[in-house]
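>>> Prediction below, plus the sequence it came from.
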Amino acid sequence: MSTQLFIGRLPQGCRSRDLEDIFYKYGKMTRCDVKQGVKMSYGFIEYEDPRDAEDAQRNEHGRELRGARIVVEWARGPGYDYRKDRYRDDDRDYHRERGRDRRRDDYDRRRSRSRSRSRGRRSRSRSRDYDRRRSHSKDRDYDRRRSRSRERDHGRRRSRSRDRDYNRRRSRSRDRDWRRSRSHSRDRDNDRRRSRSRSRS
């Protein structure tokens, strides 16, 4: 059984001491190296006892280190170029995750813009509805005032017409009464003159 482990997907800037702090508890190590990559890093750990290496591989695979989940696998034979295999896979995974994050960010931005636009449309729609209600209310108030003014004018005209008709009737009645009284007075005068004339004769 092998005693050497490959540690992949290490965060940028990871050092050998960071790996020692994680893997020393499983047993005595004879090797602990970290290779720095362009985007991510990888390393190797070797134990004296194969059982220590087995425990470390089983318990630390998938562990989170500085926001990255590390890979702990059995190392391959000497001369194997991990930069062309495992590290390249790690780099592709890293870019895939970055791409997903960017797509999520773009989606969130579009949703946020859509919500802000819909809020702006709602605000404009509410403003238009409020203006329409105010306009209708003003029109109704204006119509009511005009209707009341017309009713008052009509009432005044009817009242004036009634007053004129009443005054005319009163004036005519007075004229008739005056004529009647004059006619009666003339009749009495005539009767008196006739009576006097008879008495003289």
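Cool, the structure landed.
>>> got the buried residues for the host helix or strand of Ile22?
For Ile22, the host element (DSSP states H and E) is helix 16-23. For helix 16-23, a neighbour-count test (16 or more other CB atoms under 10 Å) marks 18-19, 22-23 as buried. The C-beta positions use only the backbone N, C-alpha and C, and glycine is treated the same way.
>>> what do you get for stretch 37-50?
37, 40-47.
>>> Next, count neighbours for His136.
Per other CB atoms under 10 Å, the neighbour tally for His136 reads 10.
>>> quick one: the helices in this protein?
In the chain, the segments counted as helices under DSSP state H are 16-23, 50-60, 86-200.
>>> which ones among the buried residues of stretch 37-50 are found in strands?
41-47 (DSSP state E).
>>> Can you add pLDDT and distance to Arg174 and give the residues you listed back as a markdown table?
Shown next, in a markdown table, are these (pLDDT from 0 to 100; distance: CB to CB, whole Å):
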| residue | pLDDT | distance to Arg174 |
| --- | --- | --- |
| Ser41 | 91 | 127 |
| Tyr42 | 95 | 130 |
| Gly43 | 96 | 132 |
| Phe44 | 97 | 137 |
| Ile45 | 97 | 136 |
| Glu46 | 97 | 142 |
| Tyr47 | 97 | 141 |
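>>> any idea which of the residues you listed is the one closest to Arg113?
Nearest to Arg113, judged by CB to CB, of those is Ser41 at 38.1 Å.
>>> is it true that that closest one touches Ser16?
No - assessed by CB atoms under 8 Å, Ser41 is found out of contact with Ser16, at 10.6 Å.
>>> list residues touching both of these two?
Each of Val34 lies in contact with both Ser41 and Ser16 under the rule CB atoms under 8 Å, 6 or more residues apart in numbering.
>>> how deep is Gln12 tucked in, by neighbour count?
The tally of other residues near Gln12 (other CB under 10 Å) stands at 13.
>>> one step back: pick the one among the buried residues of helix 16-23 closest to Asp143.
Distance to Asp143, by CB to CB, is smallest for Asp18 among the buried residues of helix 16-23, at 83.4 Å.
>>> Now the closest one: closest residue in space that isn't a chain neighbour?
Excluding the flanking residues, the one nearest Asp18 by CB to CB, 6 or more residues apart in numbering is Leu65, at 7.2 Å.
>>> Okay, and the beta partners of that neighbour?
Under DSSP bridges, the beta-bridge partners of Leu65 are Ala68.
>>> Tell me the confidence at it?
Per-residue confidence (pLDDT) for Leu65: 93.
>>> quick one, what contacts it?
Listed by CB under 8 Å, 6+ apart, the contact set of Leu65 reads 10-11, 14, 18, 22.
>>> gap between it and Asp191?
According to CB to CB, to the nearest Å, Leu65 and Asp191 sit 148 Å apart.
>>> before we move on, what about Ser173?
Applying CB to CB, the value for Ser173 to Asp191 is 27 Å.
>>> coming back round to it: out of the contacts of Leu65, which one sits closest to Ser149?
Once CB to CB is applied, the member of the contacts of Leu65 that ends up nearest Ser149 is Pro11, at 84.3 Å.
>>> I'd like the distance from that closest one to Asp18, if you could.
Shown here: Pro11 relative to Asp18, a distance of 9 Å by CB to CB.
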